[in-house]
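S.K.: below is the sequence, then the predicted model.
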Amino acid sequence: MTNQDNAKKLAGEASLSHIENGMTIGLGSGSTVYWMIRKLGEHVKAGLDVKGIPSSGQSVAWANEYGVPITDFSRTQRVDVAIDGADEVDGQWNLIKGGGGALVREKIIAVTARKFVVIVDESKLVSRLGDFMLPVEILPFGREVTAGRIAELGGLAKLRRNDDNGVFISDNGNYILDCDFGGIQEPKALHHQLKQLTGVVESGLFPGMADEVMVGYSDRVSVLHD
Ligand SMILES: O=C[C@H](O)[C@H](O)[C@H](O)COP(=O)(O)O
């Protein structure tokens, strides 16, 4: 296992300290969350009574594989804690998410949760967001027009493709534009500008939403509080 994988594992597993019996847990997406779900499955087997609301098809699959019971918003609208990864985290805990294309469901879960815990390895910490191309989920119809509107905001938008060069389709049946805005000076303002564009479903900017950030290093976890 690489040092980075180990850092993800440590952060993912440490996040279980937020979980108590009876909770409904927002299950994020990505390779760091994988370790959280896997460990959570061990706790469930040992008797922990929790349910998870997964944010992606991949997380549903992991929850099933590791024995974490799942539920959905038709059964409960209470999420006690959401635990999720990020692609970038700045000093004010603004996030870029969506590298795996799960940003819309992740955000619905994060805004519903009483507590939103972010788990990352140290490589995700940045002084300013924007080296990572900002994922923006858009409706397929009129994608060229929407990309043009994003360009007017200063973002060079590239349609996400799969490894086989087909267009990437999100779990919601939409497209993802990976947008280069250069360094993002004002994440909250840019997020609101993007949200106002017809055709944009959601931006991968999560400004000021995290309650706690758990940072994994190769040999330890550092917890950043408010
Ligand atoms: O859409 C994907 C999610 O936002 C992930 O949480 C994010 O990309 C981080 O993933 P990872 O832990 O694999 O770096």
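M.R.: Yep, that arrived.
S.K.: quick one: pLDDT of the residue in the chain that the ligand sits nearest to?
M.R.: Going by C-beta to the nearest ligand atom, the ligand is nearest to residue 30 of the chain, at 2.6 Å. C-beta: built from backbone N, CA, C; applies to glycine. Looking at residue 30, its pLDDT stands at 98.
S.K.: how about it: what's its closest non-neighbour residue?
M.R.: residue 85 (4.1 Å; C-beta to C-beta, 6 or more residues apart in numbering).
S.K.: with residue 120 instead?
M.R.: Spatial nearest neighbour of residue 120, excluding adjacent residues (C-beta to C-beta, 6+ apart): residue 86 at 5.3 Å.
S.K.: how far away is that neighbour from residue 135?
M.R.: 12 Å (C-beta to C-beta, to the nearest Å).
S.K.: between these two, what contacts are shared?
M.R.: Shared contacts of residue 86 and residue 135 (C-beta atoms under 8 Å, 6 or more residues apart in numbering): 96-97.
S.K.: give the buried residues for the worst-scoring helix or strand of the chain on mean pLDDT.
M.R.: Of all helical and strand segments in the chain, the minimum by mean pLDDT, DSSP states H and E falls on strand 221-224, at a mean of 94. Judged by neighbour count (16 or more other C-beta atoms under 10 Å), strand 221-224 contains these buried residues: residue 221.
S.K.: ok, stretch 103-119 next?
M.R.: Neighbour count says stretch 103-119 has 103-110, 112-113, 116-119 buried, by 16+ other C-beta under 10 Å.
S.K.: in JSON lines: these, plus secondary structure and pLDDT.
M.R.: Below are these laid out as JSON lines (DSSP: H, G, I helix; E, B strand; the rest coil; pLDDT from 0 to 100):
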{"residue": "103", "secondary structure": "helix", "pLDDT": "98"}
{"residue": "104", "secondary structure": "helix", "pLDDT": "98"}
{"residue": "105", "secondary structure": "helix", "pLDDT": "98"}
{"residue": "106", "secondary structure": "helix", "pLDDT": "98"}
{"residue": "107", "secondary structure": "helix", "pLDDT": "98"}
{"residue": "108", "secondary structure": "helix", "pLDDT": "98"}
{"residue": "109", "secondary structure": "helix", "pLDDT": "98"}
{"residue": "110", "secondary structure": "helix", "pLDDT": "98"}
{"residue": "112", "secondary structure": "helix", "pLDDT": "98"}
{"residue": "113", "secondary structure": "strand", "pLDDT": "98"}
{"residue": "116", "secondary structure": "strand", "pLDDT": "98"}
{"residue": "117", "secondary structure": "strand", "pLDDT": "98"}
{"residue": "118", "secondary structure": "strand", "pLDDT": "98"}
{"residue": "119", "secondary structure": "strand", "pLDDT": "98"}
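S.K.: so where's the protein shaky on pLDDT?
M.R.: 226 (pLDDT under 70).
S.K.: hmm, back to that, number of nearby residues for the residue nearest to residue 30?
M.R.: Neighbour count of residue 85, defined by other C-beta atoms under 10 Å: 28.
S.K.: quick one: contacts for it?
M.R.: Per C-beta under 8 Å, 6+ apart, neighbours of residue 85: 8, 28-33, 97, 118-120, 124.
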